[in-house]
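Next comes the sequence, and after it the predicted model I'd like to discuss.
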Amino acid sequence: MSLEKDASIRSEKLLHSFWHVNHCIRRIVQRTALENELTIPQYALLITLAPFEEMTQKQLGKATFFPKSTLSQAVEGLVQAELIQRNPVEDNRREMLLTLSDKGQLLYNKIQSQESSVLKAFELATDSLSEKQYDDLLTSQRQIITLLEEAIERGE
């Protein structure tokens with residue numbers, strides 16, 4: 001077998017591995033969102049915002065990679081459910097500052113403690129790795145992310 005064929009098989013195996021991990025994460029997130037009466041975008045915004053307590057809507061969009069329409073709709077749903085509060089930024093009234101409400105914090109804490117949450121699944125996964133395996137995995141993923149982002153910028 002040629003070296004080129006070996007490289008192709010290796011890259012395909014790795015790609016399928018990432019797809020499988022992504023599929024599992026999506027299934028767990030979908031289940032957790034449904035159990036907590038949230039849409040997947042609402043769930044993603046809630047767990048992204050909660051550790052910071054407040055972010056601008058623009059920052060939240062950059063962190064989640066959601067299109068503006070999806071972001072706006074999910075934010076509106078969270079505001080209507082009284083899970084977050086939306087206020088204009090003082091210096092820029094067109095920009096919105098999103099803050100987790102007390103009700104939102106309670107829901108976030110509940111989600112974090114659910115045995116079926118994606119966080120608990122990742123805790124189990126990371127607990128099964130040695131420190132070296134964990135560090136090596138993160139290093140490898142950062143390297144792959146950097147190379148993929150460079151390919152995106154080049155238009156590949």
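Ah, there it is.

Just the buried positions in the helix or strand containing Leu34, please.
Element membership of Leu34, judged by DSSP states H and E, is helix 3-35. Using 16 or more other CB atoms under 10 Å as the test for burial, helix 3-35 gives Ile28, Val29, Thr32, Ala33. All C-beta atoms are positioned from the backbone trio N, CA, C, and that covers glycine.

and the angle for the following helix or strand past that helix with helix 3-35?
Beyond helix 3-35 in the direction of the C-terminus, DSSP H and E gives the next helix or strand as helix 40-49. Helix 40-49 runs at 90 degrees relative to helix 3-35, counting by axes from the mean of the first three to the mean of the last three CA atoms, to 10 degrees.

hmm, who's touching helix 40-49?
For helix 40-49, contacts defined as CB atoms under 8 Å, 6 or more residues apart in numbering pick out 29-30, 32-33, 36, 38, 55, 60, 63-64, 66, 70-71, 73-75, 77-78, 81, 83-84, 98, 100, 104, 107-108, 111.

Give me the distance from that helix to the chain's centre.
The chain centre lies 8 Å from the centre of helix 40-49; the measure is CA atoms, centre = their mean, to the nearest Å.
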